[in-house]
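>>> Task: produce atomic coordinates for the following.
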Amino acid sequence: MIKSKLVNLLNEMTLDEKIGQLVQISGNFFLEEDNVQTGPISNLGMCENMIYKVGSILNIVGAKNVITVQNKYLEKSRLKIPLMFMADIINGYKTVFPIPLAQGCSWNTEVVKRCAQISMKEATIAGVNVNFYPMVDLVRDARWGRVMESTGGEDTYLNEIYAKVLVNAIQGDDISQEGNCAACIKHFAAYGAVESGREYNKVDMSERELRQYYMSAYKAGIEEKAKMIMTSFNIVDGIPATINKWLLREILRAEYGFDGVVISDYSAIQETIAHGISIDKKDAALRAINAGVDIDMQTNVYSNFLKELVKEKVLDISLIDEAVYRVLKLKNELKLFENPYGNANIEKEKKILLSNENLEEARKLTSETFVLLKNKQNVLPINKNQKIALIGPYADNFAITGEWSMFSERENIVTIKQALEERIGKENILYAKGSNMLTTKEMNYILKADGKELLKNGEELKTQKKYLDEAMVVAKKADIIVLAVGEHYKQSGEGNARVSLRIPKLQQKLINTLRTLNKPIVMVLFNGRPLVLEGIENKVDAILEVWFPGTEGARAIWDVLFGDENPSGKLNMCFPEHEGQCPIYYNQYNTGRPNINNLRFESRYQDASIYPKYPFGFGLSYSKLEYRDLKLSSTILHKGKNDKITVSVTIENCSNVDAKETVQLYIQDLFGSVVRPIKELKAFKKVLIKAKGKTKIEFEITEEMLKFWNRDLQYISEEGEFKVYIGCNCRDCLEGKFELI
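Sure thing, here's the model as predicted:
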């Protein structure tokens, strides 16, 4: 539809029809037979007349469902403006990939890209028009449950890179084409900085800090033409982001030039009342539309109060018109006016969803997201002739896809035990559960939070003794123990902040008990966030961090454990030694009293290190790599001359195993007009280094890498001295020095 026709359509709409386009509801109403007064919409407090004017639907997927809902809606729609179908396809639709935090640990943009592309190929066939992804929030506090959704983790540069990759992967060249849809960047802004790591909490920082570290990933995604932005729940500078005019009008629209759709997060406009800033729903509606929020997700705030505000002449209808036009424009770009079903196709679903091709690629991609944290005396890879005892609550567990894999089915997931049976046969399996995942009390905490029926306290201690006894019997027969443990998948994700980042106590007891056998133990770790491994790390010989690895995760785990794949993942968030260190991240500022000698009046803890257990960028492999000979082509970089310095390093593979190595370049600004971080990632390359081979890796340092937001909020570089570091993680680096003059 050409622009003039879109404008004509807008002009033809009644005020009710316009307001409807700015409302998103669950599609359950259209699929259920409940009367509108007693069904799901009655809880929303929205009249039936408005139901058939809403502009978009939340989390209704499947070609048949989408076509049914669209048809039912269009039958009663005067102007036949089609619905948009939006969903959270975070780490896969039916074929589920590792959680985003794990994908980011690949440090491989092609891995991240392919995970998203395959996910979109499946989801768009199922009728999805808009995907609420990527989440590009910078995350520095492992206590926050939603760190699992971040690809870039604690680093600004990684977040920028992955934001661009994901927007391109989701949208392609044309969002209307099969395999493509509109990307929704979230959560604007700074949601990852919630105080204490507690969900929905406040964010308070200087504008310079906000711009320097938190805003650039959103901007990167916007520069790649992302079609939608979702607001965050938190306050920024005392004002909820969803009604923050400075954020949404001045920065997002005016400064960044974003001309797409802004949608609230789930009920976020209404929640500004609970924040204590909006007086009531009517006031919240006025504040949100004035701030520039185009779509109200899952409340009646817009539907019930915008019309009243216009009639009272408190709200200029031009603000509604501009929001409606942006919604219509997106529908037009999706070509929904020509084909209201988009790419929903029942027959293609049968061929594409969970296809062998998708599953095979998922298995290969997944293995690159695992991080080998420990490998004492090269206990890994496992010799296939060894007798393996597979023990732990995750050993035969389908719950390995993570909190956001809401559209996957259990029957399509392979457990670690099943994957091992495929390899060596059922008759050769030594298996025991070892322990429950959680105690009844811990499990009931999760169930209560979800409003579900609680478990009854019963023979828990007796059951645990039985599990432990069975594990000991099995372990005594084995040469090596593979221990599949970790946090419950419901302990990470939205609404799952934790003050304890430890492996649950029942599983700790299992580890301690098995350690008494003095047999090698390989811990396969399942989790959605960095964990504190104090008291556990020294009880096991190897640790393979697999996160929540998805549909083909179990097969990929054995590919790595048996050495068919060499682990190459690197951490995008450091693992703290203790929860009290949180938030902890590598690119902190120096203080006036840095911790050098661990003396009393230095910046330190009395009872713990200030350093993480496993630093940012860390990850082992089955290869032995040596970095040497860091060289700079010059020690002078000329300001304003488009100058470059080439820095190189030689890496030798001293083993008989080919390695994929992520080579990382960091820069430190030694003296600035404001205090600068001790180190910042500025570039990386993932390269293949053949067994017994060596390679020379080169990076270019430019003036652009040295820019930062100064005290006057100018994005500039400053003359002075800099250090450059190249290494296998942020801690273990070679270093050199140069000047900008």
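>>> And the closest residue to residue 294 other than its chain neighbours, how far from residue 512?
Sequence neighbours aside, residue 323 is the residue nearest to residue 294 in space, at 4.1 Å (criterion: C-beta to C-beta, 6 or more residues apart in numbering). C-beta: built from backbone N, CA, C; applies to glycine. The gap separating residue 323 from residue 512 is 59 Å, by C-beta to C-beta, to the nearest Å.
>>> what about these two, which has more around it?
residue 323 (23 against 12; other C-beta atoms under 10 Å).
>>> Now find how far off-centre the helix or strand in which the more buried one is found is within its chain.
Residue 323 is part of helix 317-333 when elements are defined by DSSP states H and E. From the chain centre to the centre of helix 317-333 is a distance of 29 Å (C-alpha atoms, centre = their mean, to the nearest Å).
>>> what's it packed up against?
Helices and strands touching helix 317-333, as assessed by 3 or more C-beta pairs under 8 Å, 6 or more residues apart in numbering; DSSP states H and E, comprise helix 3-12, helix 15-21, strand 84-87, strand 261-263, helix 281-291, helix 301-311.
>>> So residue 23 sits against residue 305, correct?
No. Shown here, residue 23 and residue 305 do not form a contact pair, counting by C-beta atoms under 8 Å, at 11.3 Å.
>>> which one of those two has more residues nearby?
Neighbour totals were compared for residue 23 and residue 305, and residue 23 leads with 25 against 21 (other C-beta under 10 Å).
>>> And the pLDDT at the more buried one?
Here the pLDDT value assigned to residue 23 is 97.
>>> quick one on the thing from earlier: determine which of the helices and strands packed on helix 317-333 approaches residue 539 most closely.
Of all the helices and strands packed on helix 317-333, it is strand 84-87 that lies closest to residue 539, at 42.0 Å by C-beta to C-beta.
>>> Show me what that closest one is packed against.
Against strand 84-87 (3+ C-beta pairs under 8 Å, 6+ apart) you get strand 56-58, strand 130-131, helix 317-333.
>>> immediately after the shortest one, which helix or strand?
Moving toward the C-terminus from strand 130-131, the first helix or strand encountered (DSSP H and E) is helix 156-171.
>>> Outline the domain layout of this structure.
For the chain, automatic domain parsing gives the domain ranges 353-572, 625-740.
>>> Could you export these to JSON lines, including columns for distance to residue 209 and mean pLDDT?
What follows is these, written out as JSON lines (distance: least, C-beta to C-beta, whole Å; pLDDT from 0 to 100):
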{"stretch": "domain 353-572", "distance to residue 209": "20", "mean pLDDT": "95"}
{"stretch": "domain 625-740", "distance to residue 209": "9", "mean pLDDT": "97"}
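>>> Can you say which of the ones you listed is packed in most?
Neighbour counts (mean count of other C-beta atoms under 10 Å) averaged over each of these peak at domain 353-572, with a mean of 19.
>>> Now do the helices in the stretch 451-600 of the chain.
Secondary structure of the stretch 451-600 of the chain, counting by DSSP state H, counting those that start in this stretch: helices at 460-476, 505-515, 553-561.
>>> The helix or strand just after the last one pairs with which strands?
This means helix 553-561. Remark: after helix 553-561, the chain's next helix or strand is strand 625-632, criterion DSSP H and E. Strand 625-632 has these partner strands in its sheet, going by DSSP bridges: strand 644-653 (antiparallel).
>>> And the partner strand, how far out from the chain middle?
31 Å.
>>> hang on, the residue nearest to residue 294 packs against residue 290?
No. Judged on C-beta under 8 Å, residue 323 makes no contact with residue 290 at a distance of 10.8 Å.
>>> anything in contact with each of those two?
Shared contacts of residue 323 and residue 290, defined by C-beta atoms under 8 Å, 6 or more residues apart in numbering, are absent.
>>> picking up where we left off before, in a markdown table, list the helices and strands packed on helix 317-333 along with distance to residue 439.
Formatted as a markdown table, the helices and strands packed on helix 317-333 follow (distance: least, C-beta to C-beta, whole Å):
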| stretch | distance to residue 439 |
| --- | --- |
| helix 3-12 | 58 |
| helix 15-21 | 49 |
| strand 84-87 | 35 |
| strand 261-263 | 40 |
| helix 281-291 | 41 |
| helix 301-311 | 41 |
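>>> related to what we said a few turns ago, how close does the residue nearest to residue 294 sit to residue 280?
Per C-beta to C-beta, residue 323 is found 21 Å from residue 280.
>>> Residue 305 now?
Distance, residue 305 to residue 280, using C-beta to C-beta: 9 Å.
>>> ok, for residue 359, nearest residue in space, not its chain neighbours?
That would be residue 552: by C-beta to C-beta, 6+ apart, it lies 5.7 Å from residue 359.
>>> joint contacts of residue 23 and residue 305?
Common neighbours of residue 23 and residue 305 (C-beta under 8 Å, 6+ apart) do not exist.
>>> residue nearest the centroid of this protein?
residue 149 (1.9 Å; C-alpha atoms, centre = their mean).
>>> Would you check how far apart that one and residue 103 are?
For residue 149, the distance to residue 103 - C-beta to C-beta - is 10 Å.
>>> Check the separation of the first and last residues in stretch 712-724.
One end of stretch 712-724 sits 26 Å from the other (C-alpha to C-alpha, to the nearest Å).
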